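Q: Using only what follows, build the 3D model:
(one chain, ligands or ions: 1)
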Amino acid sequence: MSTNFSLPDVSDPMERHPKAPAPGDPFRLHHDLCHGCGVNAPGGLHVTVYAGEGFTTTAEMKVEEWMLGGPGVIHGGVLTAAFDEVLGTTPLIIGVPVVTGHLEVDFLKPIPIGSTLHFEAEVAAKERRKVFVRAVARLDDSDEPVATASAIFIEIDLRKHYAKYYDSASQSRL
Ligand SMILES: CCCCCCCC/C=C\CCCCCCCC(=O)SCCNC(=O)CCNC(=O)[C@H](O)C(C)(C)COP(=O)(O)OP(=O)(O)OC[C@H]1O[C@@H](n2cnc3c(N)ncnc32)[C@H](O)[C@@H]1OP(=O)(O)O
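A: The predicted structure is shown next:
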């Protein structure tokens, strides 16, 4: 099943999870080999996502040489992966583990190697198992967005979802 990002007219009620990190604190990584957040992931993005106020999060990513796509600028797929990580972690603010169903990215400006990206994300709505999340990325020297993303994540039962792929799925955690 696929669809474009379109917010529901009315969201299900949402509450910040009592065990969500306090504003400014990081989410614990769920696996050290995760391409997005894992500290031991070879060639990983090493992105840390921090809780914000309400249903928001923030993250930063240094744009390194190995992320190059066009000469001197980030590869669009690397940026998309970074958005996936930031957006996909954000539903944990309401205590909901998810996988990506649909992710769309608008690339607004070239993003130079050597810059630092600052992400801001928010859970915009929830409808049954669908969690609607939006994010914006900016460079450190400007308020102007360089990219935006919107995604529909689908709530999962972690252990059931990963049971047949990975024996140690039980090691993943919120
Ligand atoms: C690497 C992840 C590790 C996670 C570890 C968890 C720890 C902590 C958690 C988080 C922090 C980490 C952050 C990670 C960030 C990165 C996340 C990723 O990159 S995830 C990898 C890529 N995504 C997949 O591999 C999904 C593959 N697809 C599927 O498995 C299924 O299609 C799934 C689960 C998405 C849906 O299948 P169904 O059978 O369970 O559910 P049905 O009944 O079809 O749909 C339920 C509702 O969702 C909508 N839906 C389903 N698929 C959709 C889609 N593609 N787009 C939009 N809506 C969709 C449907 O229309 C339905 O909505 P209606 O309630 O009827 O309105």
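
Q: from here on, contacts and neighbour counts on C-alpha atoms
A: OK.

Q: Could you find the closest non-adjacent residue to the most centrally placed residue in the chain?
A: The C-alpha lying nearest the average C-alpha coordinate of the chain belongs to Val86 (C-alpha atoms, centre = their mean; 1.9 Å). Take Val86 and drop its neighbours on the chain: the residue closest to it by C-alpha to C-alpha, 6 or more residues apart in numbering is Val49, 6.3 Å away.

Q: so who does that neighbour touch?
A: Residues in contact with Val49 (C-alpha atoms under 8 Å, 6 or more residues apart in numbering) are Pro26, Phe27, Thr57, Thr58, Ala59, Glu60, Val86, Thr89.

Q: dump the residue contacts of the fourth one.
A: What it means is Thr58. Thr58 makes contact with Val49, Tyr50, Ala51, Gly52, Val86, His118, Phe119, Glu120, Ala121, according to C-alpha under 8 Å, 6+ apart.

Q: at 10 Å what do you get?
A: Contact analysis of Thr58 by C-alpha atoms under 10 Å, 6 or more residues apart in numbering lists 23-26, 48-52, 86-87, 90, 118-122, 135-137.

Q: What subset of those is buried?
A: Buried subset of these (neighbour count, 16 or more other C-alpha atoms under 10 Å): 26, 48-52, 86-87, 90, 118-122, 135-137.

Q: Which of those residues fall in helices?
A: Those of these mapping onto helices are Val86, Leu87, per DSSP state H.

Q: Most distant residue from the centre of the chain?
A: Of all residues in the chain, Pro71 has its C-alpha farthest from the mean position, at 25.9 Å, by C-alpha atoms, centre = their mean.

Q: which element is that residue on?
A: Assessed by DSSP states H and E, Pro71 sits outside every helix and strand.

Q: The protein: strands as residue ranges?
A: 48-51, 56-62, 98-107, 116-127, 130-139, 145-155 (DSSP state E).
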